[in-house]
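Peer 1: Sharing a sequence plus its predicted fold:
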Amino acid sequence: MTDLQTVLDAADKALPESLDRLFELVRIKSISTDPAYKEECRKAGAWLVEVLNEIGFTASLRDTPGHPMVVAHHEGANEAAPHVLFYGHYDVQPVDPLELWENDPFAPAIKEISPGRKVITGRGTSDDKGQLMTFVEACRAYKAARGNLPLGITILFEGEEESGSPSLKPFLKANEAELKRDFALVCDTSMWDPQTPAIAAALRGLLGEEVTVTAADRDLHSGLFGGAAANPIHILTKILADLHDENGRVTLDGFYEGVEETPDNIKASWEALGRDAKSFLGEVGLSEPAGEKGRSVLELTWARPTAEVNGITGGYTGEGFKTVIAAKASAKLSFRLVGQQDPEKIRESFHAFVKARIPADCSVTFQDHGASPAIQLPYDSEALTKARLALSEEWPKPAVVIGMGGSIPIVGDFQTMLGMDSLLVGFGLVDDRIHSPNEKYELNSFHKGIRSWIRIIDALAK
C-alpha cells in the first residue's frame, strides 16, 4: 500500500467524525455583518484554533478592529517542498428570510434529495465552512496516517469575507513576512459540474468609472431651445456608442495592451465542455453573443476584456411626460480586465477618449469607483499541472482549467500585496444556494473534497 493510499484510507475511515466536526462549526452563528453575532464570530474563530492545535498546528486567534483572524503554521517533512498558504473564511451570510428555510439554518443535517444523492444542509455548509473543513480534515488524515505533513502549510481563516473584508488588507500588510509563502490555495470556488472538478486559473479584474456631462446651466424647454442647445444625453450616448467598433472590440487607445490570446489547447478544452451561446444565453432569454465576433461565450466571459455600461441617468424620468433638454447626463461603466492590462492606464485612456468628444461649451467630470488588476496563473505552471492531474485521479471526469468572469478580492490582494499567485480549487456546485435560504453542500463534495486535497498536497510535495 502506498503512503498516499494510507492517507486516503484514513480520511475514509474518519468521515463520520469529520462530519461531526463540520456540524459543530456550522452550528456556530458566525454572521459577520450583524453586530449581534460578534461573539459567535469569535467563537467560530476560537473553535478553529482549537481544532488546528489539536492536529499539530501552532494556531492562534489574532484580533483586528473587526472579527478576528485565525493564523496557523505547520512545518513540512520535506524541506525541499513548497510552503503554501491556505485561505478560507469562517463567517457566513445572514439567513433572512428565515421563513423560506425548510430546516433551522444552524441545525445541520444530512438529507437525501434524490435517490443516492445526499447533501449537508445549513448556512455556511458550502460557503465556506464545508469547503475550508475539507482542507483541515485532509491535514488531519495526513497526521493520523503518517504523523506529519509532506509540505509546509500556513493557514489564514478570516471572519469578515461576507461583510467586505475591512480588516484584511491592513492585516496582510502588518503580517506580510509571516503570511507570504510560495503560493496560496483558495477553496472558495466551485466545480464545473458534479462529476468534473475545476481549477480557476484566471480572474478578470475590474475598473469602475462614472462620467457626467454638463451642458446648459439648467434644464431647458425643448421647444424653445431644441435644435440649438447642446443635449448632454445625446453627447453621452454617442460617446458610449463609440466605445465599441462594428466587431465588438473596445476602441480605447491602448486597451488591448497586455491582453494575450488563450492557448489553443485551453480553448479546445473549453469547447469540449459543451457550453455554447444557445445554452449559456438561453438561460436568460437571449441567444446571440454580443461581444467580440468570432469568439466562444466561455472565451468572452473568461478570457476577454469588456467595457459595459451599467446605468444611465439624465433628464426627466418620472411619471408622465416633461419636454426638457437636461442640463446633465451621467453613466456608470465597468471594465472587466484580463492578462496584464493596467487599470490606471485604461482609466487615463477612457478619460482622454471622453474629453476629446465633449463640445467646447460643455464640460465633463469623472468619479473613480475603484480598480483591481486581473489575475492570471500561467496555464502551464507546475503547481497547476500537478493539481489538475491529482484532481483527475479522484473524480470521474478529468479536471478542467477554467477562467472566472468576476473577481475574488483576496486573490488580488495576495498577488498585489504579497506577490503570491493563487491556486483556486473548490468543490461547491452552482445549485448550492449560497447566500440564499436552504444552502447545502453535497456529501460527495465534502468526502471527495477531503480526498482531493490529500492528493493535491501529495502532488505539490513531490
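Peer 2: Sure, I can see it.
Peer 1: next one: phi and psi at residue 440?
Peer 2: Backbone torsions for residue 440, taken as degrees, to the nearest 10, come to phi -150, psi 160.
Peer 1: show me what contacts it?
Peer 2: 111, 113, 119, 120, 121, 122, 125, 126, 432, 433 (C-beta atoms under 8 Å, 6 or more residues apart in numbering). The C-beta positions use only the backbone N, C-alpha and C, and glycine is treated the same way.
Peer 1: Burial check on the nearest residue to the last one once chain neighbours are set aside, number of neighbours?
Peer 2: Just to be clear, that refers to residue 433. In space, and not counting its chain neighbours, residue 433 is closest to residue 439: 4.9 Å by C-beta to C-beta, 6 or more residues apart in numbering. Residue 439 has 25 neighbouring residues, counting by other C-beta atoms under 10 Å.
Peer 1: What does residue 439 show for phi and psi?
Peer 2: Note on residue 439: its backbone torsions stand at phi -60, psi 140 [degrees, to the nearest 10].
Peer 1: hang on, the earlier thing: who wins on neighbours among the contacts of residue 440?
Peer 2: Going by other C-beta under 10 Å, residue 125 tops the contacts of residue 440 with 31 neighbours.
Peer 1: does it really touch residue 443, like I thought?
Peer 2: No. In this structure residue 125 lies outside contact range of residue 443 using C-beta atoms under 8 Å: 10.1 Å.
Peer 1: returning to that earlier point: which among the contacts of residue 440 gets closest to residue 82?
Peer 2: Nearest to residue 82 among the contacts of residue 440, counting by C-beta to C-beta, is residue 126 at 28.0 Å.
Peer 1: Can you tell me the SS state at the closest one?
Peer 2: Following DSSP: H, G, I helix; E, B strand; the rest coil, we place residue 126 in the coil state.
Peer 1: And the pLDDT for it?
Peer 2: Confidence at residue 126, expressed as pLDDT, is 98.
Peer 1: again with the one 10 residues further on
Peer 2: For residue 136, the pLDDT comes out at 98.
Peer 1: ok, now the one 5 residues further on?
Peer 2: Residue 141 carries a pLDDT value of 98.
Peer 1: Distance check, the residue sitting nearest the centre point of the chain against residue 347.
Peer 2: Nearest to the geometric centre of the chain sits residue 408, at 3.2 Å (C-alpha atoms, centre = their mean). According to C-beta to C-beta, to the nearest Å, residue 408 and residue 347 sit 22 Å apart.
Peer 1: bridging residues for residue 207?
Peer 2: Beta-bridge partners of residue 207, counted by DSSP bridges, are residue 335, residue 371.
Peer 1: any weak-confidence spans in the stretch 101-250 of the chain?
Peer 2: Along the stretch 101-250 of the chain, segments meeting pLDDT under 70 are nowhere present.
Peer 1: Okay, strands next: where are they in it?
Peer 2: In the stretch 101-250 of the chain, the segments counted as strands under DSSP state E, counting those that start in this stretch are 109-114, 117-121, 152-158, 183-186, 198-203, 205-214, 220-221.
Peer 1: counting contacts, what elements does the third one pack onto?
Peer 2: Using 3 or more C-beta pairs under 8 Å, 6 or more residues apart in numbering; DSSP states H and E as the contact criterion, the neighbours of strand 152-158 among helices and strands are helix 38-54, strand 69-74, strand 83-89, helix 129-146, helix 176-179.
Peer 1: Nothing else from me, thank you.
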